[in-house]
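*Asks:* What follows is a predicted protein model with its sequence.
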Amino acid sequence: MAGKVISVNESNFEQEVLNSDVPVLVDFWAPWCGPCRLIAPIVEEIAEEMEGRAKVVKVNTDENPNLAMKYGIRAIPTIMVFKNGRVVDTRVGVQPKEVLKALLA
């Protein structure tokens, strides 16, 4: 799975995100969301470029409503960066690749 975007759900969120030993960029998205489709290639590039230094995961908010509710997702795409199991940054909407990469640094 290294260097690839990992699909995360309510059953593996804790393991993949909260217990990660590297920073994690979480993309909250849904299949019907146009801006989510726009940001998807950017998220995938970051996954490849940050391989070994950070993890990139996607959470489908339609399939994981409890996670969306827990983290207060009101609009998508929402990008959250987790470090040591805590949210350290949140961005809503399509963001430039450089902005998202800087959040992981």
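*Replies:* Ah, there it is. Numbers count the residues shown, from 1 in each chain.

*Asks:* Any regions of this protein where pLDDT drops low?
*Replies:* Scanning the chain for pLDDT under 70 picks out the ranges 1-3.

*Asks:* where do the helices sit along it?
*Replies:* Using DSSP state H, the helices of the chain run over 13, 34-49, 65-70, 97-104.

*Asks:* Off-centre distance for the longest one?
*Replies:* When distances are taken as Cα atoms, centre = their mean, to the nearest Å, helix 34-49 is centred 10 Å away from the chain's centroid.

*Asks:* what do you get for the last one?
*Replies:* Here the centre of helix 97-104 is set off from its chain's centre by 12 Å, with Cα atoms, centre = their mean.

*Asks:* what's the closest non-adjacent residue to Ile73?
*Replies:* Spatial nearest neighbour of Ile73, chain neighbours left out: Phe28 (4.9 Å); criterion: Cβ to Cβ, 6 or more residues apart in numbering. C-beta here means a position set from N, CA and C on the backbone, and glycine is covered the same way.

*Asks:* ugh, typo on my part, it should be Ala68
*Replies:* Excluding its sequence neighbours, the residue lying closest to Ala68 (Cβ to Cβ, 6+ apart) is Thr61, at 4.1 Å.

*Asks:* if we can go back for a sec, for the helices of the chain, which one ends up most surrounded?
*Replies:* helix 13 (a mean of 21; mean count of other Cβ atoms under 10 Å).

*Asks:* what about the residue nearest to Ala68, neighbour count?
*Replies:* 21 (other Cβ atoms under 10 Å).

*Asks:* what sits against it?
*Replies:* 28-30, 67-68, 73, 76 (Cβ atoms under 8 Å, 6 or more residues apart in numbering).

*Asks:* Swap in 6 Å and give it another go.
*Replies:* By Cβ atoms under 6 Å, 6 or more residues apart in numbering, the residues touching Thr61 are 28, 30, 68, 73, 76.

*Asks:* Repeat that for Trp29.
*Replies:* 36, 58, 76-77.
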